[in-house]
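Asks: predicted coordinates and the sequence they were generated for:
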Protein chains: 2
Amino acid sequence: MSQTIAILAPGAMGSAVARRLSENGARVLTSLTGRSEATLKRAADAGMVGVENDAIADADIILSIVPPGEAVALAERLAALIVKRGKKPVVVDCNAVNVDTVKRIAEIIGSAQAPFVDGGIIGFPPQPGGKSPAFYMAGEHAREVAVLKQLGLDIRIVEGPVGAASALKMSYAGIVKGLAGIGSAMVVAATQAGAADALRDELALSQPAILARLEVALPDMIPKAYRWVAEMREISGFLGPDHPASQVYEGFAKWFEHLAADAKGEAVDASLLKAFAAGAAQKA
Amino acid sequence: MSQTIAILAPGAMGSAVARRLSENGARVLTSLTGRSEATLKRAADAGMVGVENDAIADADIILSIVPPGEAVALAERLAALIVKRGKKPVVVDCNAVNVDTVKRIAEIIGSAQAPFVDGGIIGFPPQPGGKSPAFYMAGEHAREVAVLKQLGLDIRIVEGPVGAASALKMSYAGIVKGLAGIGSAMVVAATQAGAADALRDELALSQPAILARLEVALPDMIPKAYRWVAEMREISGFLGPDHPASQVYEGFAKWFEHLAADAKGEAVDASLLKAFAAGAAQKA
């Protein structure tokens, strides 16, 4: 029997996942009320079917794929739709939210008597013919979404309660995006002090793997910095307000905010980061 | 003619550098007034000659190698000794201090009419028969310490004014020690949330170079965390109080403070970091 999957919202990740699922034979529902022309087109291209809110609850599985700040509000909307139904869909939160937030979302979905899965996506949106990002799934209902594997997603079970997949996503992003954060801050400061060439040479000699990573990560980060601001605040929340390192991630949020504004404006820091990555450090 | 080098103080790095210099024929002076028995022994083993304060100024080159918080006070002490002399030694600040601090030290030494070099050490203390850490030297007098190369140190000139070598040291440490900071914070948090095994597996798949670095860096960091606290505050100062990322390094200072206290106490975090590095993540 064909599976029906609902994906909210049809953003860059959501629509790429939808395309993968529909190409593999799933019916993919979404909500398009009030969305832009560009979104309508992207959803149609991905094979998504726009339905009324009520019909979202008809899906076998609902994937929540939204910016971290919208995850709780979407869960409340979904719970209101699901609570009236006899047959309950499995609801998966795939968002970059912290453990406390996903536990709160689990309670909201649980209040509608629907099975809930804590998910976390690591990697880029699936490209046609390309590989899937890793979809980590945790919680007692995690195995109920195994069908997504036959539909072309790289589903991996994390042994652990609701929160384990989000903790994995937070800690992985905290390391990988954190390295882009410290690398960019130090490269900009070294360039301003006339030490960028020497920094590059010393990294090449003594930490070639870190330099290689920065060469990829710094240019990749620039157009994404604006999205990482909220994610860094989630990681700070993951550590908790009393944790000595939560300040580190608050600082990254501010730094990415600065880099996003710089990239939209005169791109002073953006161009020196690209120059460093390309092996030609600029003079301040 | 044999060179006379003074090194203050005869700590772990200072005495290892002294040993290298004396093995290569230099006379190495230091100040031992009020030092412990252990320090006297370490200095003697390294071939250092304890002299009165006044005689320190007889050296051709003085290397300042102290914890960052003591660098300015030592410069003031040295300036007071040097100002009375006709023949001036070259004074090199080798400490992990920020650019503003080293410029202040340059002024203090300049007030005694002595040539000043901004230095930065990257790497471990030289071991007998082993390689030297990199000694970066910047400023108009940097080439006046070239003799240290013949004496067995890996001297590298940074083209740039006083501050360039310290900026290199700050930015390099900000990346390498910063990665140990984010890695340790995330590994501890992931372990507490039951996601350490999954984090390790995902890093092994998608970021093997970062995982390999953390396997070395996390156990290496634990006994040094107490020393890194002041260095992280110097890096925060290097960025400046209004810099959006200075908070990141303030946060690292607090986190390393916590890890140092943990290591001296029940070593809860220390043992789970070692377990992660060894490939056997602990259950929380």
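Replies: Ah, there it is.
Asks: need phi/psi at the residue of chain A most remote from its centre.
Replies: Residue farthest from the centre of chain A, counting by CA atoms, centre = their mean, is A:Gly194 at 35.9 Å. With angles defined as degrees, to the nearest 10, A:Gly194 sits at phi 80, psi 20.
Asks: please name the nearest non-neighbouring residue to the residue in the stretch 1-150 of chain A positioned nearest to chain B.
Replies: Minimum separation of the stretch 1-150 of chain A from chain B (CB to the nearest CB) falls at A:Val99, amounting to 5.6 Å. Every residue, glycine included, has its C-beta placed from N, CA and C. Leaving aside its sequence neighbours, A:Val99 sits nearest to A:Gly163 (CB to CB, 6 or more residues apart in numbering or on different chains; 4.1 Å).
Asks: how far away is the residue farthest from the centre of chain A from B:Gly160?
Replies: 4 Å (CB to CB, to the nearest Å).
Asks: regarding chain A, what is its longest strand?
Replies: Determined from DSSP state E, the single longest strand within chain A is strand A:116-122.
Asks: hmm, back to that, which residues does the residue nearest to A:Val99 contact?
Replies: A:Gly163 makes contact with A:99, A:102-103, A:118, A:138, B:193-194, according to CB atoms under 8 Å, 6 or more residues apart in numbering or on different chains.
Asks: my read: the residue farthest from the centre of chain A touches B:Val162, true?
Replies: No. Checked against CB atoms under 8 Å, the pair A:Gly194 and B:Val162 is beyond contact range at 10.6 Å.
Asks: name the residue closest to the centre of chain A, please.
Replies: Short answer for chain A (CA atoms, centre = their mean): A:Ala96, at 5.1 Å.
Asks: which residues of the stretch 51-200 of chain A lie near chain B?
Replies: A:99, A:122-123, A:134, A:136, A:156, A:158-161, A:163-165, A:167-168, A:170-172, A:174-176, A:178-179, A:181-183, A:185-187, A:189-190, A:193-195, A:197-199 (CB under 8 Å from any CB of the partner chain).
Asks: among those residues, which are in strands?
Replies: Those of these mapping onto strands are A:122, A:134, A:136, A:156, per DSSP E.
Asks: name the nearest of those residues relative to A:Arg233.
Replies: Taking CB to CB as the measure, A:Arg233 lies nearest A:Ile122 of these, at 19.0 Å.
Asks: that closest one: neighbouring residues, count only.
Replies: Residues within reach of A:Ile122, counting by other CB atoms under 10 Å in any protein chain shown, total 22.
Asks: return the residues in contact with it.
Replies: So A:Ile122 contacts A:133-134, A:136, A:168-169, A:172-173, B:202, B:206 (CB under 8 Å, 6+ apart).
Asks: ok, of those, which one's closest to B:Glu250?
Replies: Using CB to CB, the contacts of A:Ile122 come closest to B:Glu250 at A:Ala173, 21.3 Å.
Asks: helices of the stretch 51-200 of chain A, start to end?
Replies: A:53-56, A:71-82, A:99-110, A:147-150, A:164-192, A:196-206 (DSSP state H, counting those that start in this stretch).
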